[in-house]
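Student: What shape does this take:
(chains A and B)
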Amino acid sequence: MLIGGPRVDEIEVSVFGPGYGESIVIHAGLGDWVVVDSCQLPRDTTPVALQYLEAIGVNVETQLKLVVATHWHDDHIRGLAAIVERAQQARFVASMAMANSIDFLTAVSLDERRLLAQNSGVTEFAKIIRVLKARRQASATYPIEWALVDRTIWNRPGSINATAQCLSPSDADFHLLLTRFQNLMPKPGTDVTSVPDESPNLSAVVVWMCCGQQEMLLGSDLENNANPHRGWSAILANVNRPTGRASVYKVPHHGSATAHEPQVWQQLLTTNPFAAVTPFNHPPKLPQPAMIQTLRGLTANAFLTNVAGDEPTKFSDRTATKTIRDFKYSIRQPRHYGQVRFRADAMRPNSWSFELSPVAQRL
Amino acid sequence: MTEAAEKRNDPYQVGDSDTYRNVPPSEPDKADNMAADDTIDTRPPFITRSPSVIPAKRLQNYSDESATDYSMPEEEHPKLVIWTKKPVFRTNFRSLQGWEGLVKSVDEQRFFATVYDLTGETGASEAEIPLDDVQSYDLELVRPGAVFYWYIGYHEDVNGTRRRASDIRFRRLPRWRARDIVAAQDEAHKLRALLE
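Tutor: Numbers count the residues shown, from 1 in each chain, chains lettered A, B, ... in the order given. Have a look, this model is predicted:
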């Protein structure tokens, strides 16, 4: 993990990606911080965003202003309840479809009833709701900001103006997600397995941030779709989207081909933008070699947060370790968060620089 | 680990009986949650797999009571055990490591799963497990979302021979009942009410 906090007039985007999960920590200037998604190493008890903010001396209770859950996939939401609980003054943003769907919330409840040692992302969401309930009792403020296309979810006037605007989910994706939630419902008589993984990627929340003179596009896991009303196509077709161009890009969906839309690079990004890719080390591994080549062709400043990959899990019992090895089982877990950190003067265009943790690398 | 804790983590410490429940005793709350129709499982306790002995798949075939042809290649005879009557399993399995697993994907030869260390020592890991190591009667359960329990340890047979072993059990759970879903919907309305 990189050390040292930014100056008050410095914008920072730190992208963490251990190989399963991602979390983005942003300094919006003037000491205010934003967290988008959360991840946590298996052996850790604290999500990386909190570890990092504490390590650089940020007061999470007062300086963290915005927490965004782009969707409920395990790899984007693990540890988010702990962040929301600590960030007493932060707004929490989640996809509008999640709270409007009794089907989704029923799936949340069913997931908790499975009584498994490992819970899924929807259970993390239930924890967040309960944390927010407790907060609501102590404050008159409505605790959640619902994300939908064109919504401004944060606006901070001042010497360094900062805004966060949702570019997705589109109206069409919002509607389709409500329908898809019905598929989360098991039928009576079916086996109690985990909640089906109906892909929420097409309803993931893409955030456009503008801080001073700097603009950033955080692509979450949004994928593309031939339907012009859905995914990245809908963002490109939206006449209300911000007119600027982003210099920093969190590449969507771990650099998958299904999330790649060439027109995003043409229309929404500056030339040679700073791009961060978080790998996905589970099958199918992402990014694939062909996409790495594609990204290299689009910018000279593309970085992967973790090239080390997962490592064999270490057990204290030597015989267990030997048995796993002799039986040729593969049991692995990520050991490093991997961090790519971009910083720039808030008011000076083209001033971005980058720093890499030991396992991060230029693509 | 204390002796008591060790026993809790070892689903086979309950004795020599070849009948047991398919939920490890270390999770009493889960066992309690099982439906009344989740009957006692009377299958043989487990198969062992050792890199130097008989491959699990073959051992499994030999132990199949319905199999009538026990012939095998000459060179394998020294390792062959033929039961002339129904075998009585008197096993002693000492688990060294246990996981709860959740199947993510399956291909022709193996499945991929997130496995959660039941000792809490290492948290979640990603595992690739050969389908050959799954009991034949569990194979139909191997699909995304399925839950299983996996133990690695020692198996000691009646002759005192000890060898390392691996045991994978897929969880046969009660099925969702209509009242479970109604209860979850009630809970959903309560969750939403928190936000109103």
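Student: how far away is A:L236 from A:V264?
Tutor: If you measure A:L236 against A:V264 using C-beta to C-beta, to the nearest Å, the figure is 7 Å. Any C-beta I mention is one placed from the backbone N, CA and C, and that applies to glycine too.
Student: Sorry, slip of the keys, the one I care about is B:S125.
Tutor: 35 Å.
Student: Just checking stretch B:177-186 against chain A, any contact.
Tutor: Yes: using C-beta under 8 Å from any C-beta of the partner chain, stretch B:177-186 comes into contact with chain A via B:177-178, B:180-181, B:183-185.
Student: remind me, longest helix of chain B?
Tutor: When chain B is parsed with DSSP state H, its longest helix is helix B:178-194.
Student: Quick check: mean pLDDT of it?
Tutor: Across helix B:178-194, pLDDT averages out at 80.
Student: Show residues contacting it.
Tutor: Identification of contacts with helix B:178-194 by C-beta atoms under 8 Å, 6 or more residues apart in numbering or on different chains yields A:99, A:102-110, A:113, A:126, A:129-130, A:132-133, A:136, A:185-186, A:188.
Student: Recalculate using a threshold of 6 Å.
Tutor: By C-beta atoms under 6 Å, 6 or more residues apart in numbering or on different chains, the surrounding residues in contact with helix B:178-194 are A:102, A:105-106, A:109-110, A:129, A:133, A:188.
Student: Quick one, which of the residues you listed are buried?
Tutor: Buried members of the contacts of helix B:178-194, counted by 16 or more other C-beta atoms under 10 Å in any protein chain shown: A:102, A:105-106, A:109-110, A:129.
Student: Now tabulate these in TSV and tack on distance to A:S330, secondary structure and pLDDT.
Tutor: TSV is the format used below for the buried ones among the contacts of helix B:178-194 (distance: C-beta to C-beta, whole Å; DSSP: H, G, I helix; E, B strand; the rest coil; pLDDT from 0 to 100):
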residue	distance to A:S330	secondary structure	pLDDT
A:I102	40	helix	74
A:L105	36	helix	76
A:T106	36	helix	78
A:S109	34	helix	71
A:L110	31	helix	73
A:I129	36	helix	83
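Student: Show me the strands in the stretch 251-363 of chain A, by range?
Tutor: With DSSP state E, counting those that start in this stretch applied, the stretch 251-363 of chain A shows strands at A:269-277, A:302-304, A:311-312, A:330-333, A:339-345, A:353-356, A:361-362, listed in chain order.
Student: what are the ranges of the helices in chain B?
Tutor: B:3-9, B:28-32, B:56-62, B:178-194.
Student: that older thread, near chain B, which of the contacts of helix B:178-194 show up?
Tutor: The overlap between those and the neighbourhood of chain B (criterion: C-beta under 6 Å from any C-beta of the partner chain) consists of A:102, A:105-106, A:109-110, A:129, A:133, A:188.
Student: now for these, which pair is the farthest apart?
Tutor: Longest distance between any two of those is 29.8 Å, between A:K133 and A:P188; criterion C-beta to C-beta.
Student: Contacts only, for residue 160.
Tutor: In the absence of a named chain, this looks at chain A. With C-beta under 6 Å, 6+ apart as the criterion, the residues that contact A:I160 are A:29-30, A:212, A:346.
Student: ok, 7 Å please
Tutor: Listed by C-beta atoms under 7 Å, 6 or more residues apart in numbering or on different chains, the contact set of A:I160 reads A:9, A:29-30, A:211-212, A:346.
Student: Find the nearest non-adjacent residue to the closest residue to chain A within chain B, please.
Tutor: When distances are taken as C-beta to the nearest C-beta, chain B reaches nearest to chain A at B:G123, 3.0 Å away. Counting by C-beta to C-beta, 6 or more residues apart in numbering or on different chains, A:P42 is the residue found nearest to B:G123 once chain neighbours are left out, at 3.0 Å.
Student: Three-state assignment for that neighbour, please.
Tutor: What DSSP: H, G, I helix; E, B strand; the rest coil gives for A:P42 is coil.
Student: And A:I3, by the same measure?
Tutor: Put simply, A:I3 is coil when judged by three-state DSSP.
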